[in-house]
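**Student:** coords please:
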Amino acid sequence: MLFMLAIISLLSDQVFLTPVQNNALFQYINDHQSEYIQRLKNWVAIESDSSDPSKRDQVQLMMEMTKDYILKMGGHVEMAEIGEQEYSPGIKLPLPPVILAQIGNDTNKPTVCFYGHMDVQPAKKEDGWKTEPYTLVEENGNLFGRGTSDDKGQILALLHGVESLKKIGLPVNVKFVIEGMEEVGSQGLEKLVEDKKNTFFSDVDYIVVTDTPWLSKKPGITYGARGNCYFYLEVEGARRDLHSGGFGGTVYEAMSDLIYLLGQLADVKGKILIPGIYDDVLPLTEQEKELYKNLEFNLDDLKADTGAKQFLHDTKEEILMYRWRYPSLSIHGIEGAFSGSGTKTVIPAKVIAKFSIRQVPNMNPSVVEKQVTDYLESKFSERKSPNKIKVTMVIGAQPWLANMNDPLYVAAQKAVKKVFNTDADMIRAGGTIPIAKSFEEILGKTVMLLGIGGPEDAPHGQNEKISKHNYIEGTKLYGSFLQEIANAWP
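**Tutor:** Numbering: from 1, shown residues only. All right, here's what the predicted structure looks like:
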């Protein structure tokens, strides 16, 4: 019977995935686990730290290794040059090229484009790693090493999934956008996407980002992310720093003004006090409320992970909503203030506070900028200080929200169910994912984040890891997802 189903599938014009194909895909992946882990070991060994100019050759090497592997898979690869980076005044470094690759060009099949990156965060053993960060170590079912989760391991799982599908017949066309500068801001990438809009991206139907974790040990699909409005608040008083013994009690102190203004931004429960800031937040629907109830998330685990004794909200649903779908304001630091050891008694002449507002869909960064500026200037005017203030928004990254009923998301949910035998958690990201919004706005395509990172992978911290289970089953997930996309294609 299975044999007959396979024959019928081959004869049909419509793509139809048989149990034979599914079993063959999973079996092939199981049989090649050792090879997949060895390749991850080889890739982790490349110290592709994009923040360190002395390791730029390692980033370049990593891009070449990725290119060679895609070529070995039978793909076509363009190494797109994106110019130079001004690392410091007068010092320029070539930016690593972006890989634009394609496997398959059948106009009767859908084309799915995947994005990921090959650069990593800095890592040294003396930072607190229990293993050498650039040596893959397998322990207790986990694969430790810099880049295992962010993002080499996730990209390799994808590539292995595509390669496995090729053995039984690739049901879609696949494209890859893989860069080497994500960890330092993806310089040049947005312009490249704009420049290639009518060429490389012209036949792309869907965009999938592979650089993302799950909320829990249960598989997650990310459909939204908050934006980021980052501000500098500068207060300038005296012409120079002053001694508090000679001038304390006689001058309006810039630091006092700054602390006062920072205290006007939010209340003790985190509610932002800036008028109008919540006006454009989308109302909570009953359907969305139900979605939060079913998410797998443990507050005790979160307390243990963060060391926080109490949160601003009491329930799982409230915590996640205020983490994802409502704006938040955080104060990050003060520049110009005395922060060293000892007891220096200085009155700073100028201080700069740094804070950000994570805004949500429907909130416009330019509107937020005006609201913040007007409010702070009004509060400062009430204080009647002769000092000067300046409010500057230095980042205005847009939020992003997708339609979960899009065929792309339906296919991903079916693939999760098939591989993990559970329904996917539909989640958002509390942070900002600028590339998702850029892809959506420039290309006009549906974007989805489908990653395989675990909630405890520590992608930017010490002892980064990915579980072997996520790595291998994630390979099956990417293969199954492409099968489901083909099934849904008209």
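**Student:** so who does the residue nearest the centre of the chain touch?
**Tutor:** Nearest to the geometric centre of the chain sits residue 433, at 5.0 Å (C-alpha atoms, centre = their mean). By C-beta atoms under 8 Å, 6 or more residues apart in numbering, the contact set of residue 433 is 209, 212, 225, 400, 449. Every residue, glycine included, has its C-beta placed from N, CA and C.
**Student:** what about the fourth one, how many residues close to it?
**Tutor:** For residue 400, the count of nearby residues is 27 (other C-beta atoms under 10 Å).
**Student:** repeat for residue 236
**Tutor:** 17.
**Student:** Which of the contacts of residue 433 scores worst on pLDDT?
**Tutor:** Among these, residue 212 carries the weakest pLDDT, at 92.
**Student:** ok, so what distance separates that one from residue 436?
**Tutor:** Here residue 212 is placed at a distance of 9 Å from residue 436 (C-beta to C-beta, to the nearest Å).
**Student:** list residues touching both of the two?
**Tutor:** residue 449.
**Student:** Give me the more crowded residue out of these two.
**Tutor:** residue 436 (27 against 23).
**Student:** which sections of the stretch 151-300 of the chain are below the confidence cut-off?
**Tutor:** Scanning the stretch 151-300 of the chain for pLDDT under 70 picks out no residues.
**Student:** residue boundaries of the helices in it?
**Tutor:** 152-168, 189-195, 244-247, 254-262, 286-293, 299-306 (DSSP state H, counting those that start in this stretch).
**Student:** highest average neighbour count across these?
**Tutor:** helix 152-168 (a mean of 24; mean count of other C-beta atoms under 10 Å).
**Student:** What helices and strands are in contact with that helix?
**Tutor:** Other helices and strands packing on helix 152-168, by 3 or more C-beta pairs under 8 Å, 6 or more residues apart in numbering; DSSP states H and E, are helix 19-31, helix 33-44, helix 56-72, strand 111-117, helix 468-488.
**Student:** switch to 6 Å and redo it
**Tutor:** Here helix 152-168 touches helix 19-31, helix 33-44, helix 468-488, going by 3 or more C-beta pairs under 6 Å, 6 or more residues apart in numbering; DSSP states H and E.
**Student:** what about dumping the CA coordinates of the longest one to CSV?
**Tutor:** What follows is the C-alpha trace of helix 468-488 in CSV, where atoms were taken according to Å, rounded to 0.1, in the frame of the first residue of the first chain:
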residue,chain,number,x,y,z
LYS,A,468,21.5,17.3,20.6
HIS,A,469,17.8,16.6,20.6
ASN,A,470,17.0,20.1,19.3
TYR,A,471,19.8,19.9,16.7
ILE,A,472,18.8,16.6,15.2
GLU,A,473,15.0,16.9,15.5
GLY,A,474,15.3,20.5,14.3
THR,A,475,16.9,19.1,11.2
LYS,A,476,13.7,17.0,10.7
LEU,A,477,11.6,20.1,11.4
TYR,A,478,13.1,22.1,8.6
GLY,A,479,12.8,19.2,6.2
SER,A,480,9.2,18.6,7.2
PHE,A,481,8.3,22.3,7.0
LEU,A,482,9.4,22.5,3.4
GLN,A,483,7.3,19.4,2.7
GLU,A,484,4.3,21.1,4.2
ILE,A,485,4.9,24.3,2.3
ALA,A,486,4.9,22.2,-0.9
ASN,A,487,1.6,20.5,0.1
ALA,A,488,-0.1,23.9,0.7
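**Student:** angle of it against strand 111-117?
**Tutor:** Put simply, helix 468-488 runs at 150 degrees to strand 111-117, going by axes from the mean of the first three to the mean of the last three C-alpha atoms, to 10 degrees.
**Student:** measure stretch 103-114 end to end?
**Tutor:** 12 Å (C-alpha to C-alpha, to the nearest Å).
**Student:** no, scratch that, I was asking about stretch 415-428
**Tutor:** 19 Å.
**Student:** Then stretch 310-320?
**Tutor:** When the termini of stretch 310-320 are compared using C-alpha to C-alpha, they are 15 Å apart.
**Student:** List of residues touching it?
**Tutor:** Residues outside stretch 310-320 that contact it (C-beta atoms under 6 Å, 6 or more residues apart in numbering): 269-270, 292, 297, 299, 322.
**Student:** ok, 7 Å please
**Tutor:** 269-270, 292-293, 295, 297, 299, 322 (C-beta atoms under 7 Å, 6 or more residues apart in numbering).
**Student:** thinking again about what came up before, need the helices of the stretch 151-300 of the chain in CSV (columns: distance to residue 104).
**Tutor:** Shown next, in CSV, are the helices of the stretch 151-300 of the chain (distance: least, C-beta to C-beta, whole Å):
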stretch, distance to residue 104
helix 152-168, 9
helix 189-195, 21
helix 244-247, 70
helix 254-262, 54
helix 286-293, 35
helix 299-306, 42
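**Student:** Out of those, which gets nearest to residue 234?
**Tutor:** Residue 234 lies closest, by C-beta to C-beta, to one member of the helices of the stretch 151-300 of the chain: helix 254-262, at 8.5 Å.
**Student:** Show me what the closest one is packed up against.
**Tutor:** Judged by 3 or more C-beta pairs under 7 Å, 6 or more residues apart in numbering; DSSP states H and E, helix 254-262 is in contact with strand 228-236, strand 350-358, helix 365-383.
**Student:** Give me the contact list for it.
**Tutor:** Counting by C-beta under 7 Å, 6+ apart, residues outside helix 254-262 touching it are 233, 235-237, 331, 334, 337, 348-351, 353, 376, 379-380, 383, 385, 387.
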